[in-house]
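Enquirer: coordinates for the following, if possible.
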Amino acid sequence: MHLVVLVFASALSVATLALDNGLMRTPPMGWLAWERFRCDIDCEHDPKNCISENLFIDMADRLSEDGWRELGYVYVNIDDCWSSMERDKQGRLQPDPKRFPGGIHKLARYMHDRGLKLGIYGDMGTHTCGGYPGTPMDKIMIDALTFAEWEVDMFKYDGCYSNATEQEQGYPFMSKALNATGRPIGYSCSWPAYQGGLPPKVNYTQLGEICNLWRNYGDIQDSWDSVLSIIDWVFENQDVLISAAGPGRWNDPDMLIIGDFGLSMDQSRAQMALWAIMAAPLFMSNDLRTISSGARSILQNKMVISIDQDPMGIQGRRIVKEKSGIEVFWRPLSGNASALVFFSRRHDMPYRYQTSLSKLNYTTGSYKIIDVFTDKTVMLKDSTDFVVSVNPTGVVMWYVSAPAKLNLRQLYKGGKLHHHTYDDEENAIPRVFL
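Expert: The predicted structure follows:
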């Protein structure tokens, strides 16, 4: 093993800095253990919920058998507390033998046999946040090689028990080390979250060169207040964050907690919609064995997923913030389409919000509108006022097509210029859309 590490170190010395793995051209999707299961290692008294081989096998079975994989949810990610408290005699990390008796490589093969991918967790400090062995600078090479040998597909690198200098050296070095293994391993960095998430302490140009995704803000908790604090931080700093994101490099606002205990159905739709506007990675942290049909329908909504996964990869922004508590968010999509989200911060009753597409800076034309959560479809002129009824702490989300083109044959009927006629029927355009 020592010879392998020496050869690897030689290769690493000439490796380029840039993250050139071609991965995650759209935001990654899957399941992540942390928020729902934390560091539950009591397999004797709580075998269904402890961080063990069986938990990840159960989630893999659900992803592959219940329609999740086909929608893009392919990563099954182990978080903290998976390892033994001691490295092996060769200095390598090793899984806890009681909770992962088959080892990580066998678990990775189980995922791959089902068309899934395995993610794993580490920390660049002396210890992980949960107190397990970390991956400081002197262990980066051997750990990167170990993950590659185990056929891991994604690595999340946390930053507990490390300082700013160690992070400045360690996060880029791990990127080079993962690349040098020759195995494509998606790289999730927690670096900006430990430096306040904003310039000048955070260099997003550099992050885009070394990481596929990164956490900018604190951990999500199972509550609406937590979701709202993340939404506020992201959109208050949207000008910085939007320019940082794109294919292969994503801002990560943290896990989807839909299907857990803290969100209503309206709040669950709000999280799903706004994560899609953010072009966010979609990592669920819930129990897929017991998830409700309502939560499942939100998480498996094909149109929301298609918006999140739009290949242009442009992160959306908040464009309106009303005193009434209504906010409007917009994201440009491929094919000159877009997504709109009307979001209510209110807690009293549904609010009827009136506006028009022209007031939201849409150009002249007739647009096809699809309500993402009801599947209702209408045609709407840019100049036509409409009303949306938004539930408290809820959303209305629209997919907005490109404007219809002028029908030039109708426009110049008989060789004379007539009034503007659109390809879409005029009588399909409502004066008010609810």
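
Enquirer: now the helices for this protein?
Expert: For the chain, the helices defined by DSSP state H cover 2-13, 34-37, 53-65, 103-113, 140-149, 164-180, 191-194, 204-210, 224-236, 238-244, 265-277, 293-299, 302-308, 408-411.

Enquirer: packing partners for the second one?
Expert: Applying 3 or more Cβ pairs under 8 Å, 6 or more residues apart in numbering; DSSP states H and E, one finds that helix 34-37 makes contact with no other helix or strand. No exception for glycine: its C-beta is placed from N, CA and C like everyone else's.

Enquirer: now do that helix, average pLDDT.
Expert: Per-residue pLDDT values over helix 34-37 give a mean of 98.

Enquirer: what count of nearby residues applies to residue 89?
Expert: For residue 89, the neighbour count with other Cβ atoms under 10 Å is 8.

Enquirer: meant to ask about residue 42
Expert: 11.

Enquirer: tell me who's in contact with the residue lying closest to it once chain neighbours are set aside.
Expert: Counting by Cβ to Cβ, 6 or more residues apart in numbering, residue 42 lies nearest to residue 50, which is 5.7 Å off, once chain neighbours are set aside. Shown in contact with residue 50 (Cβ atoms under 8 Å, 6 or more residues apart in numbering): 37, 40, 41, 42, 43, 99.

Enquirer: in this structure the first one contacts residue 55, no?
Expert: Going back to what we said before, that points to residue 37. Yes. Counting by Cβ atoms under 8 Å, residue 37 touches residue 55, with 6.8 Å between them.

Enquirer: which neighbours do those two share?
Expert: With Cβ under 8 Å, 6+ apart as the test, residue 37 and residue 55 both reach residue 49.

Enquirer: residues touching the nearest residue to residue 197 once chain neighbours are set aside, list them.
Expert: Distance criterion Cβ to Cβ, 6+ apart; nearest residue to residue 197, sequence neighbours excluded, is residue 216 at 3.9 Å. Taking Cβ under 8 Å, 6+ apart, we find residue 216 in contact with 192, 193, 197, 202, 233, 234, 241, 251, 252, 253.

Enquirer: next one: residue 317
Expert: Residue 317 neighbours (Cβ under 8 Å, 6+ apart): 235, 238, 242, 329, 330, 331.

Enquirer: just among those residues, which is most surrounded?
Expert: residue 329 leads those on contacts (other Cβ under 10 Å) with 25 neighbours.

Enquirer: which residues does that residue bridge with?
Expert: For residue 329, the beta-bridge partners under DSSP bridges are residue 318, residue 341.

Enquirer: quick check: residue 34 vs residue 286, distance?
Expert: 11 Å (Cβ to Cβ, to the nearest Å).

Enquirer: same check, this time on residue 365
Expert: Residue 365 is 41 Å from residue 286, by Cβ to Cβ.

Enquirer: kindly report the same for residue 213.
Expert: 20 Å.

Enquirer: same deal with residue 269?
Expert: 15 Å.

Enquirer: quick one: low-confidence parts of the protein?
Expert: 1-19, 405-434 (pLDDT under 70).

Enquirer: can you rerun that using 80?
Expert: 1-20, 404-434 (pLDDT under 80).

Enquirer: contacting residues around the residue most central in space within it?
Expert: By Cα atoms, centre = their mean, the mean C-alpha position of the chain lies nearest to residue 281, the distance being 1.3 Å. Residues near residue 281 by Cβ under 8 Å, 6+ apart: 27, 28, 29, 213, 250, 252.

Enquirer: who's the last one bridged to?
Expert: Partner residues in beta bridges with residue 252, using DSSP bridges, are residue 215.
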